[in-house]
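K.L.:
Here is a sequence together with a model predicted from it:
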Amino acid sequence: MRRRTALAAAAGLALSLTACGSGDSSGGGQVPSSKTPVTVQAGFIPVIDVAALYLGEKQGFFSSRGIKLDIKTAQGGAALVPPVVSGQYQFAFSNVVSVLSARGQGLPLKVIASGSNSTGTEGKDVTMIRVPKDSPIKSAADLAGKKVSVNTLNNLLQMLGQAGVDADRGDSEKVEFVEMPFPDAVTALGKGDIDAMVTAEPFDTIAADAGTRVISSPYLDLAETSLTTSVYFTSEEQLKKNPELFTAVKAAIDESLTYAQAHPRETRAQLSSFMKIDPAVAQKVTLPTFAPEIKPASVETFVKTASAYGLIDDDNISYDDLVWSGTAD
């Protein structure tokens, strides 16, 4: 329950900050333009998905709209919630499940733009379930009674692992999920200390190179097409105070996503600028799909699945609840 404890602590801190009022923010109240540029504080996690925005900043998609990005990094999304709610950061990055969970705990978060999407390709997606090549495990259903690693308990990858098992007519309640950092999980899988691993890039590629095989592409068990899996979010208060700023920020993000999708080589080239990654691995990783649109079906799928596996208590969160309409209200 460590993840829920961390998120609950973040929720408590963020709600207390909300009650005390927002702090000073670089972008607060200012309308960006080429003549009056605004510095915008953004909180990122050093994962492949945010490469699109580093590339977009390099291409000038933010500066052309009067925005100077000041990127701060954190190891997990929970740490980025309080500074967004307080107004210290204007926006941040997280997976969809974490944002849904935060809203379910009363945090006034709002999605302003897509982050990344699953590929929708069997055997070649951003998250897989892998076992050693010589494992007797043939499919996800065989994981009942087995030990399976996830980077964080009670969050996105455990949910995907459970969904993969159940979709294969197995019993996910009989799977022993253990929390383990990705590098340690690759090693543990090789030693036989765990039976399977729910991956995320670049560690899916690293695990593949270490001698493993795919038994499940769990995103495809949720939907037959690509899903929006990560997003950029802010607070409802900041949106109401300065919708013009976030209109510009969203436009810059959307242009960055479109450009990254059309220029994968340039996207890969950004990876070493913000994360530790072997150049050879960077050339082989499966990139997520980048697209500005957040489809209502994606939100509905994640609400339904996260509710089914106990990650959120409210299964009535709608697309409009979660995603900013682009207007002040």
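P.N.:
Perfect, thanks for sending it.

K.L.:
Next, give phi and psi for the spatially most central residue of the chain.
P.N.:
With distances taken as Cα atoms, centre = their mean, the chain has residue 95 as the residue nearest its mean C-alpha position (2.6 Å). The phi/psi pair for residue 95 (degrees, to the nearest 10) reads phi -80, psi 160.

K.L.:
I'd assumed residue 229 was in contact with it.
P.N.:
Yes - Residue 95 lies in contact with residue 229 (Cβ atoms under 8 Å); the separation is 6.1 Å. (C-beta placed from N, C-alpha, C; glycine too.)

K.L.:
Common neighbours of those two, please.
P.N.:
By Cβ atoms under 8 Å, 6 or more residues apart in numbering, residue 95 and residue 229 have these common neighbours: 115, 156.

K.L.:
Just the element for residue 93, please.
P.N.:
strand 91-95 (DSSP states H and E).

K.L.:
In the following helix or strand past that strand, which residues are buried?
P.N.:
Scanning forward in sequence from strand 91-95 by DSSP H and E, the next helix or strand is helix 96-104. Neighbour-count burial for helix 96-104 flags 96, 97, 98, 99, 100, 101, 102, 103, 104 (criterion: 16 or more other Cβ atoms under 10 Å).

K.L.:
Chain neighbours aside, what residue packs nearest to the last one?
P.N.:
Read that as residue 104. Computed as Cβ to Cβ, 6 or more residues apart in numbering, the closest residue to residue 104 that is not its neighbour in sequence is residue 312, at 4.3 Å.

K.L.:
State whether that neighbour is indeed within a helix.
P.N.:
No - read with DSSP: H, G, I helix; E, B strand; the rest coil, residue 312 is coil and lies in no helix.

K.L.:
Now do the phi/psi pair for it.
P.N.:
With angles defined as degrees, to the nearest 10, residue 312 sits at phi -130, psi 150.

K.L.:
wait, doesn't it sit right on residue 100?
P.N.:
Yes - Residue 312 is in contact with residue 100 according to Cβ under 8 Å; the separation is 5.2 Å.

K.L.:
Spell out which residues are contacts of both of those two.
P.N.:
In the contact map built from Cβ under 8 Å, 6+ apart, the residues linked to both residue 312 and residue 100 are 303, 306.

K.L.:
domain ranges for this protein?
P.N.:
Domain assignment of the chain by automatic domain parsing yields the ranges 2-118+226-322, 129-222.

K.L.:
Can you tell me which of those domains has the worst average pLDDT?
P.N.:
If you rank these by mean pLDDT, domain 2-118+226-322 sits at the bottom with a mean of 89.

K.L.:
Find out how far it is from the centre of the chain, if you would.
P.N.:
8 Å (Cα atoms, centre = their mean, to the nearest Å).

K.L.:
any chance you could map the helices in the stretch 101-250 of the chain?
P.N.:
156-167, 182-191, 203-209, 219-222, 236-241, 243-262 (DSSP state H, counting those that start in this stretch).

K.L.:
Deepest-packed of those helices, please.
P.N.:
helix 156-167 (a mean of 24; mean count of other Cβ atoms under 10 Å).

K.L.:
now for that helix, which elements pack on it?
P.N.:
Applying 3 or more Cβ pairs under 8 Å, 6 or more residues apart in numbering; DSSP states H and E, we find helix 156-167 packed against helix 96-104, strand 129-132, strand 147-150, strand 176-179, strand 196-198, helix 219-222, helix 296-308.

K.L.:
Tell me the strands beside the fifth one, with direction?
P.N.:
Strand 196-198 sits in its sheet next to strand 129-132 (antiparallel), strand 147-150 (parallel), going by DSSP bridges.

K.L.:
buried stuff in that strand?
P.N.:
In terms of neighbour count (16+ other Cβ under 10 Å), strand 196-198 has its buried residues at 196, 197, 198.

K.L.:
between these, which is nearest residue 295?
P.N.:
The nearest member of the buried residues of strand 196-198 to residue 295, counting by Cβ to Cβ, is residue 198 at 23.8 Å.

K.L.:
Quick one: the strands paired with strand 196-198 as a markdown table, columns for distance to residue 55 too.
P.N.:
Shown next, in a markdown table, are those (distance: least, Cβ to Cβ, whole Å):
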| stretch | distance to residue 55 |
| --- | --- |
| strand 129-132 | 29 |
| strand 147-150 | 29 |
